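A.B. asks: model the structure of this input:
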Amino acid sequence: MDLILWRHAEAHVIKEGQSDLDRTLTAKGERQAQRMAEWLNQRMAHSTRIMVSPAARTQQTAKALDRNFKTVQALAPEASPVALLSAVRWPDASEPVLVIGHQPTLGQVAALLLGEVHQTWVMKKGGVWWLRQRMREGVSQVVVQAVQAPDLL
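C.D. replies: Take a look at the predicted model:
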C-alpha cells in the first residue's frame, strides 16, 4: 500500500476570534499547493483515494489537484496518528491513499511507520512524504518512496 502524506501549504496566522479550521492559504501557500499538485499528478495512480482534513487550508490545498476528494473528520487538526491510520485502512487498503493534513499528526505518522517511535518528525509546509508498505521474505517493511518540498520544484 502507498500512503502519501501531504502537509497543507502555507496558511495565514490565526486571527483573534477566528477558528483554526477557517484559516486559509496565503498567496505563497497557493503557489506551493499548485506546484506540489502538479508534481503529484504526474506520479500518482488515478485510483489514488484522496482524503482531506475539514480545515479550509487543507481543502484549498486539495483543490489544486483538480481531483475528487473526501473530507474526513478524523484528519482534522490535532488528530491522532492511530485515527489517521485507521481512516486510511493502513496497511490493508488495496489502493494508494493521499492524506492532506496537519502537523504534528503527519510527522507522528511518519515516525511511527518508519521508526516505530512515538515522536513528532517535522514536515515542511506543503511538503510530501510518500511511503510504501511491502512484504519481503515474510516481513512487513515501510519504504520511503519520496520526500518532496514545494520550494525544490
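A.B. asks: for Leu84, give me its contacts.
C.D. replies: Leu84 sits next to Ala74, Leu75, Val99, Gly101, Thr105, Leu106, Val109 when contact means C-beta atoms under 8 Å, 6 or more residues apart in numbering. Quick note: C-beta positions are derived from backbone N, CA and C, even for glycine.
A.B. asks: excluding residues flanking it in the chain, which one is nearest the last one?
C.D. replies: This means Val109. Excluding its sequence neighbours, the residue lying closest to Val109 (C-beta to C-beta, 6 or more residues apart in numbering) is Pro81, at 4.6 Å.
A.B. asks: pLDDT score for the one you found?
C.D. replies: pLDDT for Pro81: 96.
A.B. asks: does it touch Leu112 like I think?
C.D. replies: Yes: the pair Pro81 / Leu112 is scored as a contact, 5.3 Å apart, by C-beta atoms under 8 Å.
A.B. asks: does Val143 belong to a helix or a strand, and which?
C.D. replies: Per DSSP states H and E: Val143 is located in strand 139-148.
A.B. asks: neighbouring strands of that strand in the sheet, and parallel or not?
C.D. replies: strand 128-136 (antiparallel) (DSSP bridges).
A.B. asks: next, the buried residues of the partner strand.
C.D. replies: Across strand 128-136, burial judged by 16 or more other C-beta atoms under 10 Å covers Val128, Trp129, Trp130, Leu131, Arg132, Gln133.
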